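J.: compute the structure for the input listed below.
(one chain, ligands or ions: 2)
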Amino acid sequence: MNIIVTGGAGFIGSNFIYYMLKKHPADRIICVDKLTYAGNLETLEGAMEKKNFKFIRADIADRKMVYSIFEREKPDIVVNFAAESHVDRSIDNPEIFLQTNVIGTSVLLDACRKYGIDRYHQVSTDEVYGDLPLNRPDLFFTEDTNLKTSSPYSASKAGADLLVMAYHRTYNLPTTISRCSNNYGPYHFPEKLIPLMIINALSDKKLPVYGDGKNVRDWLYVEDHCRAIDLILQKGRVGEVYNVGGHNERANIEVVKTILKELGKSEDLIEYVSDRKGHDRRYAIDPAKIQQELGWQPETKFEDGIHKTIQWYLEHRDWWMGIISGDYQSYYERMYDSRAILEYAKI
Ligand code: NAD
Ligand code: TYD
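T.: Residues are numbered from 1 along each chain as shown. Ligands and ions are numbered 1, 2, ... in the order given. Sure thing, here's the model as predicted:
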């Protein structure tokens, strides 16, 4: 099989490439990535030496380039991870989110139609369902939950999902979509909650918690997500959506305190800052469909996954030091210097 993996120099895409190279050594993986601020070739160093791996720097929204890649590489499968993925950046400047997440997806879909494909898989997010109230722990997102987005990021991902479904219905393109909850693990870019808190704690910097810290996310260890996508590629029904998540709900403040405890740092480092605009309260996935149809179960408990993740960041300082000394640093200063610091009662 020739498999194009877009966005493979980012967090989940790179983990997926390593997972696939190990699990399916006979397949050929072609990574297509624009190398934005979030893409890092160093992350793929371990794949570069493999004969069945190839890296191509390209923008998925560049139609001419994408068509020439399809013509040359003749992919059987396309897995689209490429995206602008950070909610705060989308609030700051939505346009690039539409360009990559919507237009980029449409170009890939057109290429699949033009050159033929066995499967196009769209890596989507539970954020397309909006949020759930904190006082209704009985509610979960199912595949039938209405799309009701809150941020420009989630709106752009929902737009892409709708296009994928339209291409299946109208052109009979063999598509699948997975909507996953928050991932964590190795190679997670340090603008997102878990790696940011680990790195700030290690540097004895303040840990900026938005609002009251009670927002809930459903955390999934990245390898469990990779295994779910692999299963969907093998056994998933075309035209279907599969929710992926593992009943690992945690309030942000609990996650932050867990990290501080593991690192032996004081909770005095926590700083409550002004809330994210439109901040989703709670995400929680009902994974019954993928469990029943494909036999998928998450294997890593949050307590084990967060421990492994913290160890990884301790052992890979060079990886994240390189990132925080670059472009990301000026983003961090701009975003967080402008956030008012709030005095919330310590929870
Ligand atoms: P990431 O930001 O770490 O990586 C995104 C990658 O896409 C980077 O390597 C970047 O260079 C590349 N990219 C960006 N624009 C591109 C373009 N125009 N053309 C080609 N490449 C481009 O993101 P991630 O956290 O690994 O997320 C991957 C996918 O999974 C995204 O589609 C995201 O919406 C989805 N997702 C993420 C999570 C999560 O918790 N991180 C959860 C559910 C779904
Ligand atoms: P994030 O990792 O950006 O993922 P998402 O917004 O896609 O869920 O944020 C996870 C949660 O952590 C979210 O509720 C916002 C919150 N958060 C903070 O409190 N402080 C931070 O510095 C960041 C980046 C996020």
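J.: tell me, how many neighbours does Leu134 end up with?
T.: Around Leu134 there are 12 other residues, counting by other C-beta atoms under 10 Å. Bear in mind the C-beta positions are built from the backbone N, C-alpha and C, glycine included.
J.: tell me the phi and psi of it?
T.: Backbone torsions of Leu134, given as degrees, to the nearest 10, read phi -70, psi -30.
J.: hmm, it is touching Lys214, no?
T.: Yes - counting by C-beta atoms under 8 Å, Lys214 is a contact partner of Leu134 at 6.6 Å.
J.: does Leu44 sit in a helix, a strand or a coil?
T.: Assigned state for Leu44: helix (three-state reduction, DSSP: H, G, I helix; E, B strand; the rest coil).
J.: for the one 10 residues further on, same thing?
T.: Look at Lys54: counting by three-state DSSP, its state is strand.
J.: list the contacts of it.
T.: Counting by C-beta atoms under 8 Å, 6 or more residues apart in numbering, Lys54 touches Arg28, Ile29, Ile30, Cys31, Glu73.
J.: where does the second one sit: helix, strand or coil?
T.: The one in question is Ile29. Per three-state DSSP, Ile29 ends up strand.
J.: that one and Asp62: what is the separation?
T.: The spacing between Ile29 and Asp62, counted by C-beta to C-beta, to the nearest Å, is 20 Å.
J.: pull the contacting residues for the residue in the stretch 1-150 of the chain that ligand 1 sits nearest to.
T.: Across the stretch 1-150 of the chain, the shortest distance to ligand 1 (C-beta to the nearest ligand atom) belongs to Gly10, at 2.0 Å. Counting by C-beta under 8 Å, 6+ apart, Gly10 touches Asp33, Ala38, Gly39, Asn40, Thr43, Phe81, Ala82, Ser85, Tyr187, Phe189.
J.: apply 10 Å and report the result again.
T.: 16, 33, 35-36, 38-40, 43, 81-83, 85, 187-189 (C-beta atoms under 10 Å, 6 or more residues apart in numbering).
J.: could you do Ser178 as well?
T.: 79, 121-125, 225, 228-229, 231-233, 236, 240-244, 290.
J.: residues in contact with Leu21?
T.: Asp27, Arg28, Ile29, Gly46, Ala47, Lys50, Asn52, Phe53.
J.: got those residues as a markdown table, with neighbour count columns?
T.: As requested, the contacts of Leu21 are exported to a markdown table (neighbours: other C-beta atoms under 10 Å):
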| residue | neighbour count |
| --- | --- |
| Asp27 | 15 |
| Arg28 | 19 |
| Ile29 | 24 |
| Gly46 | 13 |
| Ala47 | 20 |
| Lys50 | 13 |
| Asn52 | 16 |
| Phe53 | 20 |
